[in-house]
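Asks: Here is my input, please return the structure:
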Amino acid sequence: MRIAPVYDFPPFNTGLFADTEFLLSGGDARLLIKVEEQPNIILRFDRVRWHEFIAMYNCSAEQVKSAYFKVVRLDDSKRLMEYITADRAASKAYKELHHFRIFLDEHGCHELFGESFSAVPDSV
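Replies: Take a look at the predicted model:
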């Protein structure tokens, strides 16, 4: 499996990391990351088919190292290939799927299968 960087957070002191909110609605997901003294960081994942949250103490060393305060795409992911193979739906709700991962310190790790990713400006 190849790990491809997708998004690096703007520079900040990770000790200022405050909180996150994960919202899945209508098949799309939004991950809001709050950092003290910084604008919120909003990550959007479109056409999410699968999501897993892993608390920090259950995250593997590989998850932490590969995605510490950044979004990565796991190319040739065995889990994703198994998911696609098992998806027997006649009409797919996605054109293609990617396996994304992000690790957020004390919060933990999110992994998602989704069609696309983008960082969006904070409108709050």
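
Asks: How about stretch 75-92, which residues are buried there?
Replies: 77, 80 (16 or more other Cβ atoms under 10 Å). C-beta here means a position set from N, CA and C on the backbone, and glycine is covered the same way.

Asks: low pLDDT regions in this structure?
Replies: Filtered on pLDDT under 70, the chain yields the residue ranges 122-124.

Asks: Distance-wise, check the residue with the largest distance to the centre of it relative to E106.
Replies: Most distant residue from the mean C-alpha position of the chain: A90, 27.0 Å away (Cα atoms, centre = their mean). Distance of A90 to E106, given as Cβ to Cβ, to the nearest Å: 43 Å.

Asks: what bridges to R73?
Replies: Beta bridges link R73 to A4, F100, judged by DSSP bridges.

Asks: Can you report how many residues neighbour it?
Replies: By other Cβ atoms under 10 Å, the residues close to R73 number 17.

Asks: pretty sure it contacts H99?
Replies: Yes - the pair R73 and H99 passes the contact test of Cβ atoms under 8 Å, sitting 6.7 Å apart.

Asks: which helices and strands sit right next to the longest helix seen in the chain?
Replies: Using DSSP state H to assign secondary structure, the helix with the most residues in the chain is helix 78-86. If you count contacts as 3 or more Cβ pairs under 8 Å, 6 or more residues apart in numbering; DSSP states H and E, helix 78-86 packs onto strand 98-104.

Asks: following the strand it packs on, which helix or strand shows up next?
Replies: strand 108-114 (DSSP states H and E).

Asks: Render the CA-only coordinates of that following strand in CSV, please.
Replies: Backbone C-alpha positions of strand 108-114 (Å, rounded to 0.1, in the frame of the first residue of the first chain) are rendered in CSV as follows:
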residue,chain,number,x,y,z
GLY,A,108,-7.8,9.7,17.3
CYS,A,109,-7.9,8.6,13.7
HIS,A,110,-10.6,8.8,11.1
GLU,A,111,-10.6,6.5,8.0
LEU,A,112,-13.0,7.0,5.2
PHE,A,113,-13.9,5.5,1.8
GLY,A,114,-15.0,8.4,-0.4
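
Asks: Tell me the neighbouring strands of it, and mark each as parallel or antiparallel.
Replies: strand 50-54 (antiparallel), strand 98-104 (antiparallel).
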